[in-house]
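Enquirer: Model the structure of this input:
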Amino acid sequence: MHININMDWLSAKGLPILGLDISTTAIKLVELSDAGKGMLRVERYIIEPLPKDAVSDGNIANLDQVADTLRHAWKTLGSRVKNVALALPSSAVITKKILAPASLTGIELENQVEAEANQVIPFALDEVNLDFQVLGPSPGSPDDMQILLAAARKEKVEDRVAAVEAAGLKALIMDVESYATQAAYEQIAHLLPNGGAGQTVAIIDVGAQNMHINILNDNESVYLREHGFGGNQLNNEIARRYGMSGEEAENAKRKGSLPESYELEVLQPYSETLAMEIGRALQLFTTSTQYRKIDQILLAGGGAMIPGLDEVVAQRTGTPTLVVNPFANMAVASKVRPQALTADAPSLFVACGLAMRRFDSQ
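Expert: A predicted model of the protein is given here:
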């Protein structure tokens, strides 16, 4: 599933593509290749920090800064590939399942989708980019097919495309972050009981400003939410405790140059608070839906890279918890340092899912 940005999706099949994740704090690029025998290989990746406030709440606030950072990241990456797959935050996309007669094809189907979209989208259709995917026959009505409709405001799409083009690259696919998350999840589903079948799995992507929650039941997404707690809270606490600016706190955290007392005074209490917030968010899910329990928690995002966080969350929620590594079953090119890749893997979850779009069979 992808948002149409006026390009022929079919011609993109098989073309080399970089997965590009524009997050609040960094530009992340991942290049995968086919290693043969059904295996993928990580060719190269990079995480390039963005200037403060260049991206805010999933929106590009300073296009020049984002484009400059992306251009620099791409040059440092050392790839020849200029095509990118990128994504919109789930909060910027309206998705809806609709029904249409199974007999419709081509233009008739497009007209029907547009007519339905008019009913469910709170904007004029000329203000949005619209896309749809046929999911298959409707379970309740064999003469109808189920269609997934996705729409995003044009300016949200155009801002991201403009930043990519200003960096000298080409936006080939516009995805949705939650779908990219699911593509990456498929790489690790085999680690779960029954390969995730019949399980309710919560993927918690801990970003700088928010936690993005995508809950799958039987490997299908059933719940998407943003929860206002993220890694910035840790930086704010470091800054407050040790008299630093936000930027100094982030740098000291990255370099590991904080005082010895940091772990006990700041990191442990923060991990406990984060685990409590995750527990609260999941409780909201179980009390507001038909699903009564979570079988597995998967932690992703830069905020999941705290040592021992999985144990704290598992203890607090009483639910088995894993920190994701979508590259665990992939080959690794000689220029990629496996140890660094494993450490960075949680924050590359969305970028990995986007890089995998190149191998989509549908």
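Enquirer: going forward, measure contacts and count neighbours with C-alpha atoms only.
Expert: OK.
Enquirer: what distance separates the helix-or-strand element of the chain with minimal mean pLDDT from the centre of its chain?
Expert: Taking mean pLDDT, DSSP states H and E as the measure, the chain has helix 246-255 as its least confident helix or strand, at a mean of 83. Centroid separation for helix 246-255 versus its chain: 24 Å, with C-alpha atoms, centre = their mean, to the nearest Å.
Enquirer: heads up, I number from 46, so please use that
Expert: From this message on, residue numbering opens at 46, which makes the last subject helix 291-300.
Enquirer: what's next to that helix, contact-wise?
Expert: Contacts to helix 291-300, defined as C-alpha atoms under 8 Å, 6 or more residues apart in numbering, come from residues 280-281, 283-284, 303.
Enquirer: Quick one, which of those are buried?
Expert: Using 16 or more other C-alpha atoms under 10 Å as the burial test, these include 280-281, 283-284 as buried.
Enquirer: Pull out the buried residues from stretch 125-144.
Expert: The neighbour-count check on stretch 125-144 (16+ other C-alpha under 10 Å) flags 127-138, 140, 143-144 as buried.
Enquirer: Max pairwise distance over those: which two?
Expert: Greatest spatial distance in these: K127 and L144, 37.7 Å, computed using C-alpha to C-alpha.
Enquirer: Flag the shaky bits of the stretch 296-407 of the chain, pLDDT-wise.
Expert: 406-407 (pLDDT under 70).
Enquirer: Could you identify the helix or strand that succeeds the biggest helix by length in the chain?
Expert: Ranked by residue count and defined by DSSP state H, the top helix of the chain is helix 313-333. Next helix or strand after helix 313-333 toward the C-terminus (DSSP states H and E): strand 341-345.
Enquirer: Let's see that next one as CSV, backbone CA atoms only.
Expert: Taking C-alpha atoms only, strand 341-345 is exported to CSV below (Å, rounded to 0.1, in the frame of the first residue of the first chain):
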residue,chain,number,x,y,z
GLN,A,341,3.8,-9.9,22.9
ILE,A,342,5.4,-6.4,22.9
LEU,A,343,8.0,-5.4,20.3
LEU,A,344,10.0,-2.3,21.0
ALA,A,345,11.3,-0.2,18.1
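Enquirer: And it, how far out from the chain middle?
Expert: Remark: strand 341-345 is offset 13 Å from the chain centroid, using C-alpha atoms, centre = their mean.
Enquirer: List the contacts of that strand.
Expert: For strand 341-345, contacts defined as C-alpha under 8 Å, 6+ apart pick out 237, 244-251, 355, 364-369, 391-392, 394.
Enquirer: before we move on, the earlier item: which one of the buried residues of stretch 125-144 is nearest to G103?
Expert: Using C-alpha to C-alpha, those come closest to G103 at P134, 6.1 Å.
Enquirer: if I pick the nearest residue in space to that closest one that is not next to it in sequence, what's in contact with it?
Expert: Nearest non-adjacent residue to P134, counting by C-alpha to C-alpha, 6 or more residues apart in numbering: E222, 5.3 Å away. Counting by C-alpha under 8 Å, 6+ apart, E222 touches 132-135, 395.
Enquirer: So for these, which is the shakiest by pLDDT?
Expert: Model confidence across those bottoms out at S135, which has 87.
Enquirer: check contacts around it.
Expert: 221-223, 269.
Enquirer: circling back: mind exporting the longest helix of the chain as CSV, just the C-alpha atoms?
Expert: Output of helix 313-333 as CSV, limited to C-alpha atoms (Å, rounded to 0.1, in the frame of the first residue of the first chain):
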residue,chain,number,x,y,z
GLN,A,313,16.4,3.9,35.5
PRO,A,314,13.6,6.2,36.6
TYR,A,315,13.1,7.2,32.9
SER,A,316,12.9,3.5,31.9
GLU,A,317,10.3,2.9,34.7
THR,A,318,8.2,5.9,33.5
LEU,A,319,8.4,4.8,29.9
ALA,A,320,7.3,1.2,30.9
MET,A,321,4.4,2.7,32.8
GLU,A,322,3.4,4.8,29.8
ILE,A,323,3.5,1.7,27.6
GLY,A,324,1.4,-0.2,30.1
ARG,A,325,-1.1,2.7,30.2
ALA,A,326,-1.3,2.9,26.4
LEU,A,327,-1.9,-0.9,26.1
GLN,A,328,-4.5,-0.8,28.9
LEU,A,329,-6.4,1.8,26.8
PHE,A,330,-6.3,-0.7,23.9
THR,A,331,-7.6,-3.6,25.9
THR,A,332,-10.4,-1.6,27.6
SER,A,333,-11.6,0.1,24.3
